[in-house]
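Trainee: Provided below are the primary sequence and the corresponding predicted coordinates.
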Amino acid sequence: MKTRGILACSFFLAAASAFGQFAHAPGDPEAAEQFKTGVEAYYRGRFAESVLLFERALSRGASDPLALYWLGKSYRKLGYESAATDSWTMVKELVGDSVFLDVQRELLSAEPGNADDPVRLVRMGEIPGKKGRETFFSRPSWIEPDGDGSYWVVAHGSNEIIRIDANGVIVEKLRTLSALDRPFACARSADGSMVVTEFQADRVARFGPGGKFIGYSGDASGPGRLKGPQYVAFDADGSFYVSEAGFARIVKFDPSGAFVQAFGEKTPAYSGLRLPTGVAVIGDRIFVADLARKSLSVFDLFGNYLGEEADGLLGAPEGLRASGVGALLICDGGKLLRYRLADGRLDTLLVAESKGSRFLSASPDGNGNMVLADFDSDRIVLASDPATQFAGYRVEIERVYADAFPMVKADIVVKDREGHPVLGLSGNNFYASERIVKTEQRIDNGRAVNYRTETIVPAAEFAFEGRLDDSPRVEICFLAERSPETEPLSREMRDAIAEIYGALPSSGGKRIVAAGAVPVLSPGGNLRELTLAALGAAVSPRWRFDSGLRLAATSLFGTTGRRAIVLLSSGGINEDAIQSNALYELGTLLSNNDIQLHVVSVTRNAPSKALMYLVERTGGSVQALRRPEGLAVWAAGLQNLPTGRYRIGFLSKGEADFGRAYLPFSVEVYLWKRSGRDETGFFAPIE
C-alpha cells in the first residue's frame, strides 16, 4: 500500500523556526551510515576521518544540508576555514536564510583577540547592598578579582569580606579568628595569599593561599605602627605597601608581614604626601594617589621619590589599580579614569549615573567586565565595553556522550567574541532544549497516513555536571626541533623535558613529536621512553615545523583537559619549507581546538615573528631554557589555565530508532545581558 507523509501542524512550523539544524536527507542507507559514523568520529576528535566520511555521504548524490554543515564543522577543526566557509555557503544555497548559519559564518570570519582597549564603558547592571529591609553588604570599598570569574568585595560598613560569583550571587564570606574591624581594602599576591587592611584596628590581616588566617602586620609602637591603614598593593617579590590616612605615608612590609620601612613623608627634596589613598605597583615603580594634591606621586621600591604623574588632571583620586604594564585605573569621585603612563593620556571610561556615587575601587573580573565599588551608594556597579556588551558569546557543544542513552552528557565551551574563556558559570546560565521528532501511522479515509510531528521542548532532567576547569588535568605534547641548531643541545632539551614533565599533574597524558624531516609521534610511555624517541630522531636541515606542529595538535584532539604544545626551539620555524598560507592555517588549527603553544628557547635566539604570531594567537608564552626560577614553577601553572569548559547532562526524550535516528538538541548560555547558543545532534547506541 502506498503511503504519504503529512506535516503535522502550524505549531511545528513556529517551533522549527527557532531551531537552526537543517534537513537531513542522506539519500540511501549507505549515505546514512557514513553520516552517522562521521558524527561519532567528530565527537572522538577524529576530524580528518569525519571529513572523509561526510564527503563519502555527500558523494552518494543527495543534497544533504546537514551533512554539508557537519563537513564545514570538521574542516574548521582542522584549521581549513576557507573550506568550512565553502561548505556553509553551499548549505545557505540549499536552505535559504538561516540566522543560526549566519552567526556561525560570522564567528568563523571574526579574528579573535584583536579588540582595542575601550575608550569608554557603559553600565550593564548593579548589585545593590540593600533590598527592602534586607542588607547584603554596606559601604563597599574594594574589589579584588578571583581566578574563576568571581571577586571579593571588602564591605567597610558591614565589617566583612564577601565573595560574589559571576552571576552576582554572594557565595562566601572570609573568616578570621576575630571580627574584622572596619576592613577597607585587600590585595592578593602571586601565590594566592591575601592581605586586608583594617582601618579601625590599625592593622593588616594576612591570609594564606587557601584562605586560612595566619596573622597580623603592624607593630604596637615605633615606626611599624599603623594609623588608619587604607589601600594596599603587592610587588612582584611578595612585599606589600599600605597607605595610611593617619601618618600620611606608605608603609612597606616584607612577604612574611614584617615591617621594612615607611616613606612619603616630607624631605628636603619632597614636600611629602598630604592625604595618600590608592596604591599600585607597576614593575619597579610605586604609584600613590594623593587626594589633597590631586595627583599621583611616584616612588621606587625603596621609597625614593621619583616625581609626579597626572598633576592637575585629577579631582578626587582614590583607588588605583595597574591596568597591564603601561596604564592605571583611577577611581576619581564619580568617575573611572584610565591614565596611560607612556603619553600621559587620561581617558574617562565611566561616569556615575547619580551625583551621590563615589567609586573607591574598580577591577576587571575574569570575564572582561569592569566591577566598581560605589561606596556612598552602597552598591556594586558592572560595566562593559559597548562594542562587546551585545556581541554575545561563542558557544560550542564540543563533545556529546550518549553511551548511557537516554542519559546524555555534553561538554560545552563558552568564550566571548575575542576568544577569552567565560568563567564562573553555573547551571542557571544554561538552557538546553531538544527537537523531538515523532512519526505516527494513522488510518485516514481507509488509507495509512504517516503523521510526522516535530516539537522543541526543554531538556528533561537537566543537570549541571560542573566546571571542567576545576580539574587540574593537562594534556601536553612536547615538540622537539631536530635541526642542526638544536643538535648540540640534546642534553639541555632532555633536562627541560624532564623538569616540565615532573611538574605536571599525573592525571593528564604526555606525548612527544620529533620534528625532523618526517615528524614522528611517540604517543605514550614513561619519561625515558619519550625523550629517547624524540632526541634519538635524525637531525635534518629540512626539519618540518609545520607538519610537526600539526601532528602534535592532532594528538591532542578529543582530550578533555587543558591542551598545550611545548616547543623546544632554536627560535625559527624553517619558513622556507612552509607554504605561504600554512602559518594562518596552523594558528587557526590551534585556536579552534583550544591548544596553546608554549615555546622553550634552547638557544639565545629570539623567537621569529612567525613563531610569535602563533604564540600570541593561541595565548601561549615564551620561556627561557635557563630562567632563574626554573621551568617547573611555570609548568605547574599550566594546570590553572582557564578554558571555559563545562559539562551538562539531560534525559533525552528523542526516539532513537534503534540507534539510527539523528537526535538534535541545542544549548543556550546567558550571563549579564549577553547570550550565545549552539546546536548539534547525536546518535544513540545501536540496540
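Mentor: Nice, I can see it. Only a predicted model underlies this, so the values are computations on that prediction, with no experimental measurement involved. Numbers count the residues shown, from 1 in each chain.

Trainee: Residue ranges in the protein under the pLDDT threshold?
Mentor: 1-21, 109-116, 175-178 (pLDDT under 70).

Trainee: Got the domain ranges for it?
Mentor: Domain ranges of the chain: 18-109, 122-384, 392-459+652-682, 470-640, per automatic domain parsing.

Trainee: tell me how far the ends of the third one are from each other?
Mentor: The first and last residues of domain 392-459+652-682 sit 25 Å apart, counting by C-alpha to C-alpha, to the nearest Å.

Trainee: can you pull the contacts of the residue positioned nearest the centre of the chain?
Mentor: Residue closest to the average C-alpha location in the chain (C-alpha atoms, centre = their mean): Pro421, at 2.5 Å. The contact partners of Pro421, taken as C-beta atoms under 8 Å, 6 or more residues apart in numbering, are Val413, Val414, Lys415, Asp469, Pro642, Thr643, Gly644, Arg645. Placement of C-beta: from N, CA and C, glycine included.

Trainee: What residues are bridge-paired with it?
Mentor: Residues found in beta-bridge contact with Pro421 (criterion: DSSP bridges) are Lys415.

Trainee: how close does it get to Arg394?
Mentor: Counting by C-beta to C-beta, to the nearest Å, the gap from Pro421 to Arg394 is 10 Å.

Trainee: overlap in contacts of these two?
Mentor: Val413, Val414, Lys415.

Trainee: pretty sure the second one contacts Val422?
Mentor: Yes - here Val414 reaches Val422: they are 4.3 Å apart, a contact under C-beta atoms under 8 Å.

Trainee: Mutual contacts of these two, please.
Mentor: In the contact map built from C-beta under 8 Å, 6+ apart, the residues linked to both Val414 and Val422 are Tyr393, Gly644, Val669.

Trainee: List buried residues within those residues.
Mentor: Buried members of the shared contacts of Val414 and Val422, scored by 16 or more other C-beta atoms under 10 Å, are Tyr393, Gly644, Val669.

Trainee: got those residues as CSV, with distance to Glu198 and secondary structure columns?
Mentor: CSV is the format used below for those (distance: C-beta to C-beta, whole Å; DSSP: H, G, I helix; E, B strand; the rest coil):
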residue, distance to Glu198, secondary structure
Tyr393, 40, strand
Gly644, 36, coil
Val669, 40, strand
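
Trainee: ok, these vs Ile497, which is closest?
Mentor: Taking C-beta to C-beta as the measure, Ile497 lies nearest Gly644 of those, at 28.8 Å.

Trainee: ok now do that closest one, which residues does it touch?
Mentor: Contacts were defined as C-beta under 8 Å, 6+ apart; by that measure Gly644 touches Val413, Val414, Lys415, His420, Pro421, Val422, Leu423, Asp469.

Trainee: closest to Pro685 among the shared contacts of Pro421 and Arg394?
Mentor: Using C-beta to C-beta, Val413 is the member of these that lies nearest Pro685, at 24.7 Å.

Trainee: distance of the closest one from Leu425?
Mentor: Between Val413 and Leu425 the distance is 11 Å, computed by C-beta to C-beta.

Trainee: Compute the number of surrounding residues for Ile436.
Mentor: Residues contacting Ile436 under the criterion other C-beta atoms under 10 Å number 18.

Trainee: so how far is the one helix or strand Ala387 maps to off the chain centroid?
Mentor: Using DSSP states H and E, the secondary-structure element containing Ala387 is helix 386-389. In terms of C-alpha atoms, centre = their mean, to the nearest Å, the gap separating the centre of helix 386-389 from the centre of its chain is 18 Å.

Trainee: just stretch 314-323 next, same as before
Mentor: The gap between the average C-alpha position of stretch 314-323 and the chain average comes to 27 Å, counting by C-alpha atoms, centre = their mean.

Trainee: Could you check that stretch and say which residues are buried?
Mentor: Leu314, Ala316, Pro317, Glu318, Gly319, Leu320, Arg321, Ala322, Ser323.

Trainee: ok, so what distance separates the residue of the chain most remote from its centre from Asp117?
Mentor: Of all residues in the chain, Gly446 has its C-alpha farthest from the mean position, at 61.3 Å, by C-alpha atoms, centre = their mean. Note on Gly446: its distance to Asp117, by C-beta to C-beta, is 73 Å.

Trainee: Same question for Ser621.
Mentor: With distances taken as C-beta to C-beta, Ser621 is found 21 Å from Asp117.

Trainee: Which of the two has more residues huddled nearby?
Mentor: The residue with more neighbours, out of Ser621 and Asp117 and counting by other C-beta under 10 Å, is Ser621; that gives 17 against 12.

Trainee: Of the buried residues of stretch 314-323, which is the nearest to Phe22?
Mentor: Ser323 (44.8 Å).

Trainee: just checking, the closest one touches Leu329?
Mentor: Yes - with contacts defined as C-beta under 8 Å, Ser323 counts as touching Leu329 at a distance of 5.0 Å.

Trainee: so what sits against both of these two?
Mentor: Common neighbours of Ser323 and Leu329, using C-beta under 8 Å, 6+ apart, are Arg338.

Trainee: that older thread, mind checking which of the buried residues of stretch 314-323 land in helices?
Mentor: Counting by DSSP state H, those place none of their members in helices.

Trainee: Quick check: what element follows the longest strand along the chain along the chain?
Mentor: If you go by DSSP state E, the chain has its longest strand at strand 430-444. Taking DSSP H and E as the definition, the helix or strand that follows strand 430-444 towards the C-terminus is strand 447-458.

Trainee: List the buried residues in the following helix or strand past that following strand.
Mentor: Sequence order places strand 460-467 as the next helix or strand after strand 447-458, per DSSP H and E. Within strand 460-467, the residues that qualify as buried are Phe462, Ala463, Arg467, counting by 16+ other C-beta under 10 Å.

Trainee: still on that earlier bit, can you tell me which of the shared contacts of Pro421 and Arg394 lies closest to Ser608?
Mentor: Of all the shared contacts of Pro421 and Arg394, Ser608 sits closest to Lys415, with 27.9 Å by C-beta to C-beta.

Trainee: Is Ser363 in contact with Asn369, as I believe?
Mentor: No - using C-beta under 8 Å, Ser363 and Asn369 do not qualify as a contacting pair, with a distance of 9.8 Å.

Trainee: Gly502: which element?
Mentor: helix 490-503.
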